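Chemist: coordinates only, sequence not included:
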């Protein structure tokens, strides 16, 4: 039943993830209402050793070696020794007053755009963002004029990828912003959630703090990755492009080791502490990347150091990410197969994220170095939700443990108080009982003599003897409780003992209008004293008989389970309230008119001496059930 509940929750989480992903997908679907857009997918390129932004368009036209390029189908390879590229194409007829040209993806740290010999855009960034998005206004007079785009970048990714669009400026802005708004909202939401969680961490106890903070770091770094990878923030804040690149790198360096740390805290270090060792390696490598980045900044982005940093922070780090995904997928799948519910939830979210991440990285490295990673955002949404579910389950489990520990502490406290009371009574009984019993016996003897000599006072003398006998029984109970003696220990056949007990109590049950039914197998044995065993169960069954109101039934059955013998005594009598049930066994506590509260107390002590345990379950107006457990004795041991 519990497994089904977990399965339903997992299925519900999957449905929620699908709905969230679909909503974000709808936000990211580009609008197809730009009927006046003109697409340019044919241009020419010219490789040069370095980018000279002061060169004139006439000088560019005079150059030889221009290469025709189909922007939608092919990418030209860099010429050896050249680090810059010029792109040339002609604008179409511009019949709109608010025209614009839109470059969706331009790879270059230095980008220059010239229209009819006039510089309309010149931007330099030392930080190698994945790509730039450029939207420039035009006018009708720019119709059929030539556009020259100069690009420079030290790594292999350089050039204009995808189509070049020309259309209304307002439509271009609206389409670009709407296509990237969902990503911006998603990243901002993750950052907001992480900050709220950091505030909440002030109210957590240290037991959950490490997991909580690691999850905060994972969500926060994921949010910055989503935002800084999107071209929208860099386009909106041109002066902060470098900062976005820095935040992207730092977020990635923080995400990878903290993600592994969260896994380690949730499921352990793995076989031979592989997960812990890999997390230490990731932490060291992230610190190494940060040091390389600082050296790159100090050297003012020197070319050789930049190339080294490019290899360290992109190519090698990508391989490490693939290894991390594969490693954690294997361990999470292993734990899930072993039945760990958290591992099942983690595996579902992480496998989606890891498969998407591995697939995109492999496609990026093997097939298309100009590929723009975007599917990983869906993986992050699914995975982070699974992490939050796991953390919530952890808090729920900890709360259950606290409640369980509280109940155990209350039980131990009650047991301690009971032990203290029992010890006081034991000492009192041991010191007083013998001294009181002797004068009682003497007094009873004189009353017997008076009864023989004065028959006329027989009624009163018999009453006195009856009360003296009752007082003697109470003292006997005190002594039994104070110094319980197991007596002769033998192997007891439960059925034989209850046949004898049934024979003693059936007349009493019939007088109350009740019945006793015994269903006990013949091959159940325990070790104990027969007389004490009968005394304890006669007391329990007598209480059940006295609780019957008119006709009723007392059911007695026993069975073996594990290393224990379970004996149940159940009646359909008047039952007890929870307050009365909680006080059973206390000295002097009884709900009988003439009871002393010692009978059940003695019964509990006998069962305790026989290494047994007893539990009561009762409901007012329904009845009471007593469950006694004793250590089992195997037949082979008896033989």
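Modeler: Received, thanks. What you see is a predicted model, and the numbers here were worked out from it, not measured in a lab.
Chemist: chain neighbours aside, what residue packs nearest to the most centrally placed residue in the chain?
Modeler: Centre of the chain computed as the mean C-alpha position; nearest residue by C-alpha atoms, centre = their mean is residue 390, 2.1 Å away. For residue 390, ignoring the flanking residues on the chain, the nearest one in space by C-beta to C-beta, 6 or more residues apart in numbering is residue 342 at 4.9 Å. For glycine as for every other residue, the C-beta is placed from the backbone atoms N, C-alpha and C.
Chemist: can you pull the contacts of the one you found?
Modeler: Residues near residue 342 by C-beta atoms under 8 Å, 6 or more residues apart in numbering: 266, 267, 335, 390, 393, 394.
Chemist: residue 331 versus the second one, what's the distance?
Modeler: If you measure residue 267 against residue 331 using C-beta to C-beta, to the nearest Å, the figure is 7 Å.
Chemist: list residues touching both of those two?
Modeler: Listed as contacting both residue 267 and residue 331 by C-beta under 8 Å, 6+ apart are residue 275.
Chemist: that older thread, then the residue nearest to residue 390 would be within a strand, right?
Modeler: No: counting by DSSP: H, G, I helix; E, B strand; the rest coil, residue 342 is not part of a strand but helix.
Chemist: can you map out the helices along the stretch 251-400 of the chain?
Modeler: Along the stretch 251-400 of the chain, the segments classed as helices by DSSP state H, counting those that start in this stretch run 274-298, 303-310, 317-337, 341-362, 376-453.
Chemist: list the buried residues of the first one.
Modeler: So that's helix 274-298. Of all the residues in helix 274-298, those buried under the rule 16 or more other C-beta atoms under 10 Å are 275, 278, 279, 282, 283, 285, 286, 289, 292, 293, 296.
Chemist: quick one: the strands in the stretch 151-300 of the chain?
Modeler: Applying DSSP state E, counting those that start in this stretch to the stretch 151-300 of the chain gives strands spanning 159-168.
Chemist: quick one, strands of the stretch 501-639 of the chain?
Modeler: Using DSSP E, counting those that start in this stretch, strands in the stretch 501-639 of the chain cover 514-519, 525-528, 552-561, 564-571, 613-619, 623-631.
Chemist: and residue 161, which of these is closest to it?
Modeler: Between residue 161 and the strands of the stretch 501-639 of the chain, the tightest spacing by C-beta to C-beta is seen for strand 552-561, at 71.1 Å.
Chemist: buried set for the closest one?
Modeler: For strand 552-561, the neighbour count (16+ other C-beta under 10 Å) marks 552, 553, 554, 555, 556, 558 as buried.
Chemist: any idea how this structure splits into domains?
Modeler: Domain segmentation of the chain under automatic domain parsing yields 2-29+177-404, 38-176, 423-482, 490-638.
Chemist: give the residue farthest from the middle of the protein.
Modeler: Outermost in the chain, C-alpha atoms, centre = their mean: residue 453 at 86.2 Å.
Chemist: before we move on, back to that, could I get the contacts of residue 342 as a markdown table with pLDDT and distance to residue 489?
Modeler: What follows is the contacts of residue 342, written out as a markdown table (pLDDT from 0 to 100; distance: C-beta to C-beta, whole Å):
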| residue | pLDDT | distance to residue 489 |
| --- | --- | --- |
| 266 | 75 | 51 |
| 267 | 77 | 49 |
| 335 | 77 | 48 |
| 390 | 71 | 53 |
| 393 | 72 | 49 |
| 394 | 69 | 49 |
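Chemist: show me what contacts residue 101?
Modeler: 91, 135, 136, 138, 147, 164, 165, 166.
Chemist: mind redoing it with 7 Å?
Modeler: Shown in contact with residue 101 (C-beta atoms under 7 Å, 6 or more residues apart in numbering): 136, 138, 164, 166.
Chemist: helix/strand/coil for it?
Modeler: strand.
Chemist: return the set of residues that bridge with it.
Modeler: Beta-bridge partners recorded for residue 101 (DSSP bridges): residue 136, residue 166.
Chemist: number the chain from 4, please
Modeler: Sure, I'll start numbering at 4, so the last one becomes residue 104.
Chemist: distance of it relative to residue 532?
Modeler: When distance is defined by C-beta to C-beta, residue 104 is 102 Å away from residue 532.
Chemist: what does residue 110 give?
Modeler: Computed with C-beta to C-beta, the distance linking residue 110 and residue 532 is 92 Å.
Chemist: also residue 387?
Modeler: Counting by C-beta to C-beta - residue 387 and residue 532 are separated by 65 Å.
Chemist: packing partners of the helix or strand in which residue 49 is found?
Modeler: In this assignment (DSSP states H and E), residue 49 forms part of strand 45-51. Packing partners of strand 45-51 (3 or more C-beta pairs under 7 Å, 6 or more residues apart in numbering; DSSP states H and E): strand 70-73, strand 87-93.
Chemist: which of these sits most buried?
Modeler: Neighbour counts averaged per stretch over these are highest for strand 87-93, at a mean of 20; criterion: mean count of other C-beta atoms under 10 Å.
Chemist: ok so, going back, reformat the contacts of residue 104 as JSON lines; add distance to residue 314, neighbour count and pLDDT.
Modeler: Converted to JSON lines, the contacts of residue 104 look like this (distance: C-beta to C-beta, whole Å; neighbours: other C-beta atoms under 10 Å; pLDDT from 0 to 100):
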{"residue": "139", "distance to residue 314": "33", "neighbour count": "16", "pLDDT": "88"}
{"residue": "141", "distance to residue 314": "39", "neighbour count": "21", "pLDDT": "87"}
{"residue": "167", "distance to residue 314": "31", "neighbour count": "23", "pLDDT": "87"}
{"residue": "169", "distance to residue 314": "38", "neighbour count": "22", "pLDDT": "88"}
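Chemist: just flag the most distant two among these.
Modeler: The span of these, defined through C-beta to C-beta, is set by 141 and 167 at 12.1 Å.
Chemist: so which of the helices of the stretch 254-403 of the chain is the most surrounded?
Modeler: Across the helices of the stretch 254-403 of the chain, averaging neighbours per residue (mean count of other C-beta under 10 Å) puts helix 344-365 on top, at a mean of 20.
Chemist: pLDDT on it, on average?
Modeler: Per-region confidence: helix 344-365 scores 73 on mean pLDDT.
Chemist: pLDDT score for the residue nearest to residue 285 when sequence neighbours are not counted?
Modeler: Excluding its sequence neighbours, the residue lying closest to residue 285 (C-beta to C-beta, 6+ apart) is residue 260, at 4.2 Å. pLDDT, residue 260: 90.
Chemist: what does residue 640 give?
Modeler: 44.
Chemist: swap in residue 53?
Modeler: Residue 53 carries a pLDDT score of 85 in this model.
Chemist: and for the one 4 residues further on?
Modeler: According to the prediction, residue 57 has pLDDT 86.
Chemist: now do the SS call for it.
Modeler: Residue 57 ends up coil, using three-state DSSP.
Chemist: what does it show for phi and psi?
Modeler: Main-chain torsions, residue 57, degrees, to the nearest 10: phi -90, psi 0.
Chemist: ok, residue 109 next?
Modeler: Torsion angles, degrees, to the nearest 10, at residue 109: phi -120, psi 120.
Chemist: where does the prediction get shaky in the stretch 104-253 of the chain?
Modeler: Within the stretch 104-253 of the chain, the ranges that satisfy pLDDT under 70 run 129-133, 157-160, 207-211, 241-242, 244-245.
Chemist: where exactly do the helices run in it?
Modeler: Using DSSP H, counting those that start in this stretch, helices in the stretch 104-253 of the chain cover 172-203, 209-232, 234-239, 244-270.
Chemist: can you list these in CSV and add mean neighbour count?
Modeler: As requested, the helices of the stretch 104-253 of the chain are exported to CSV (neighbours: other C-beta atoms under 10 Å):
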stretch, mean neighbour count
helix 172-203, 17
helix 209-232, 20
helix 234-239, 18
helix 244-270, 20
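Chemist: of all these, which one is nearest residue 504?
Modeler: Comparing these by C-beta to C-beta, helix 209-232 comes nearest, at 51.3 Å.
Chemist: circling back: tell me the spacing between the residue nearest to residue 285 and residue 269.
Modeler: Distance, residue 260 to residue 269, by C-beta to C-beta: 15 Å.
Chemist: what of residue 111?
Modeler: In terms of C-beta to C-beta, residue 111 sits 43 Å off from residue 269.
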